[in-house]
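Peer 1: one predicted model, sequence on top.
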Amino acid sequence: MTSASQAGRPGLDALELPSADATSTCRHLIFVGSADALPRVRDALQGWMGTPPGPISAIGELPAASDLQDLCETGLSGWWPPELLDQPGALRCCLLADQARWRREQGLRQELLRLRSQLDERRWVERAKGVLMQARGLSEEEAFRLLRGASMQSSLRVGEVSRSVTEAAQWAEAVNRAGQLRMLSQRVIKLAAQRLDGIEPRRARQTQGMAIGRVQDNLDFLASLPVMRDGISPAREALEVTDLAWRALKPVLLQRLSPATLAQADGLAEALLQRAETLTEVLEAGGARRALRLVNLCGRQRMRVQRLAKQALLEVLLSQPQRQATLPGLLDAVESTLLELERAPLGSAAARETLAQAREQWLHLLRGLRLVQGSEGRQALAVASDALLELFDRLTADYEHSLQLILS
């Protein structure tokens, strides 16, 4: 007999017994004869979550059939009558039978875990193939060949690579969606300003309604992510305050449009912008993939071109010349980021063509800014900012779905 502390649970007697092939030993825990044997056995099994590290046997008055069945289902190897204490040979045979039963159950449990692992791995492979097929237009065979090649290069199982691919795609989409919230915080105000200024007001109203719906869609998507459901996390907290900022802004956007309501909505949109910026940064950090930076960087360009147009329009419509002071910093940020994106290795030939088109539209936007005091200049500014938004949206999606990011 060994001490209770050696057995790993207080109050348990432990006995070393040879295994069936007599080449190794296992820890065999035995409860003997006391009136509290039943609760002690139940506590031990619960402590090990139903998978004890060795056989557990009890010797004493037999419990009720229902209790015995419950104990056996949670890991008890055997319960024997106290008369066996006077028959050492018979007792030893019974305990060895418990040990053999435990070993068999361990083997079955390990086989079940192996099969579950294989099934789980197969599910990850199917998801990863779907990600690659959708993102890069690959066939199923091409997607699997890519996964297998990445597996060989990284010395990881295909299932591990597949899980990483799937998670990378999820993080990239999360960063993209959060970045859209930044842009939309400025876009809904820019479109309201266009309506107030009479720049295609019907189209601006319809587009603003679509932008409002898009905000809610993105918030709902982000709320559905596993990282948002796993207790209290920085991402969940950032999403909650972003949602609160949107709930404050949305009813003002739906009020009758006037210079006063436009100014009020703009103040609330600034709060939403800051909350969405924090959320995006938290998600980028949580993804722990360097390539996510380009998704975030390009996504921020969408917000900047909308913000530039919004600030210039409100300067004129609300007679607020102080907004002019915000433009130089925004112009420098757009230009420097455009240069960085042009030099970045991530992306496809289509992405480089999109960047070339963005450069051309950027010149149109600058012309609109110079002529913003006139209606023709404001019209050009609105058109160019929308064109740039579409281009940077397309470019962000291209980075999001790039193989370098997905396989990073």
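Peer 2: Structure received.

Peer 1: for the chain, which segments count as strands?
Peer 2: 13-18, 25-32, 56-59, 78-80 (DSSP state E).

Peer 1: next, count neighbours for Leu113.
Peer 2: 10 (other CB atoms under 10 Å). For the C-beta atoms, the positions are set from N, CA and C on the backbone; glycine is no exception.

Peer 1: nope, Arg177 is what I was after
Peer 2: 23.

Peer 1: roughly how far does the residue lying closest to it once chain neighbours are set aside sit from Arg293?
Peer 2: Once flanking residues are discounted, Arg177 sits nearest to Asn218: 4.6 Å by CB to CB, 6 or more residues apart in numbering. Distance, Asn218 to Arg293, by CB to CB, to the nearest Å: 20 Å.

Peer 1: check Val241 too.
Peer 2: 23 Å.

Peer 1: again with Gly213
Peer 2: Counting by CB to CB, the gap from Gly213 to Arg293 is 29 Å.

Peer 1: compare those two and say which is more crowded by neighbours.
Peer 2: Arg293 (16 against 10).

Peer 1: next one: that one from Trp102, what distance?
Peer 2: As defined by CB to CB, Arg293 lies at a distance of 52 Å from Trp102.

Peer 1: Trp124 now?
Peer 2: Counting by CB to CB, the gap from Trp124 to Trp102 is 32 Å.

Peer 1: cool, Ala333 as well?
Peer 2: For Ala333, the distance to Trp102 - CB to CB - is 66 Å.

Peer 1: give me the more crowded residue out of the two.
Peer 2: It is Trp102, of Ala333 and Trp102, that has more neighbours when counted by other CB under 10 Å, with 22 against 15.

Peer 1: quick one: pLDDT of the residue lying closest to that one once chain neighbours are set aside?
Peer 2: Sequence neighbours aside, Pro55 is the residue nearest to Trp102 in space, at 3.9 Å (criterion: CB to CB, 6+ apart). Reading off the confidence values, Pro55 has pLDDT 89.

Peer 1: wait, isn't Pro55 in contact with Ser77?
Peer 2: Yes: if you go by CB atoms under 8 Å, Pro55 and Ser77 touch, sitting 4.1 Å apart.

Peer 1: is it correct that Leu91 is in contact with Pro81?
Peer 2: No: the criterion here is CB under 8 Å, and Leu91 misses it with Pro81 at 10.2 Å.

Peer 1: out of the two, which sits in the busier spot?
Peer 2: Neighbours of Leu91 and Pro81, each counted by other CB under 10 Å, are more numerous for Leu91; the result is 17 against 11.

Peer 1: for that one, which non-adjacent residue is closest in space?
Peer 2: Here the residue nearest Leu91, using CB to CB, 6+ apart, is Leu84, at 4.3 Å.

Peer 1: for Thr51, same thing?
Peer 2: Nearest one to Thr51, counting by CB to CB, 6+ apart, is Gly75 at 6.2 Å.

Peer 1: residue contacts, that neighbour?
Peer 2: Leu45, Trp48, Gly50, Thr51, Pro52, Ile56 (CB atoms under 8 Å, 6 or more residues apart in numbering).

Peer 1: how far away is it from Ile59?
Peer 2: Taking CB to CB, one finds Gly75 at 17 Å from Ile59.

Peer 1: what segments of the stretch 101-250 of the chain are helices?
Peer 2: Along the stretch 101-250 of the chain, the stretches classed as helices by DSSP state H, counting those that start in this stretch are 140-154, 158-197, 201-223, 226-229, 234-253.

Peer 1: list the buried ones in the second one?
Peer 2: Neighbour-count burial for helix 158-197 flags 158-159, 161-197 (criterion: 16 or more other CB atoms under 10 Å).

Peer 1: over to the fourth one?
Peer 2: Neighbour counts using 16+ other CB under 10 Å place Val227, Met228 of helix 226-229 among the buried residues.

Peer 1: show me what it is packed up against.
Peer 2: Judged by 3 or more CB pairs under 8 Å, 6 or more residues apart in numbering; DSSP states H and E, helix 226-229 is in contact with helix 234-253.

Peer 1: for the helix it packs on, the averaged confidence score.
Peer 2: Mean per-residue pLDDT for helix 234-253: 96.
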